[in-house]
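Trainee: Have a look at this prediction, sequence included:
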Amino acid sequence: MFNNYSCKNRNKQRGSALTIAIFVIVVMGLLGIAIIRLLGGSSAGVIAEVSGSRALAAANAGVDLYLTELFPLDETAPYDAGANPSACPGTSLGGSAEFTQDFASHTQTTGLQNCEVEVQCRQLDLGNGQTHFRLEATGICTVGGDVYSRQLQLEASDASL
């Protein structure tokens, strides 16, 4: 009699382990897919942030290069020699001077590979031989098929304070 009772119980339990196993596999699969999507989204965000920072660094480097043309460092000239307005022929009324730099030719700037910068310069004569300059730089970096750009605006003057 005891044996018959055991057989009846076994027939009722048949297949429940399989149902639980399938449920666990499905839940773990969905959890794995969610984690993969989360990690993929965060890595794309990091790539965009780093590429944007590189584009900003390219814009900064372009402005620095342009400023060395605008305010040249000459050891023979006095400290307050002033600006070189011919480096920025654009005026506030008529156009602007443009400067484009591709960083691929500079081996020391490996962090700016696939980046370039466009700098525009405008000047305004303040009178008394003083000039105000407005520089607008756009740093552009290409990563894969994506293009990231950052803009920077800088104002400089050869006026003494």
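Mentor: Arrived safely. Residues are numbered from 1 along each chain as shown.

Trainee: For this protein, which segments count as helices?
Mentor: 2-13, 16-70 (DSSP state H).

Trainee: tell me the mean pLDDT for the longest one?
Mentor: Which is helix 16-70. Throughout helix 16-70, pLDDT has a mean value of 87.

Trainee: if we can go back for a sec, can I get the helices of the chain in TSV including distance to Ser86 and mean neighbour count?
Mentor: From N, CA and C alone the C-beta is placed, and that goes for glycine too. Below are those laid out as TSV (distance: least, Cβ to Cβ, whole Å; neighbours: other Cβ atoms under 10 Å):
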stretch	distance to Ser86	mean neighbour count
helix 2-13	94	8
helix 16-70	9	14
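
Trainee: The residue nearest to Ala48 when sequence neighbours are not counted: how many residues sit nearby?
Mentor: Ranked by Cβ to Cβ, 6 or more residues apart in numbering and with sequence neighbours excluded, the top spatial neighbour of Ala48 is Tyr148, at 6.9 Å. Tyr148: 21 surrounding residues under other Cβ atoms under 10 Å.
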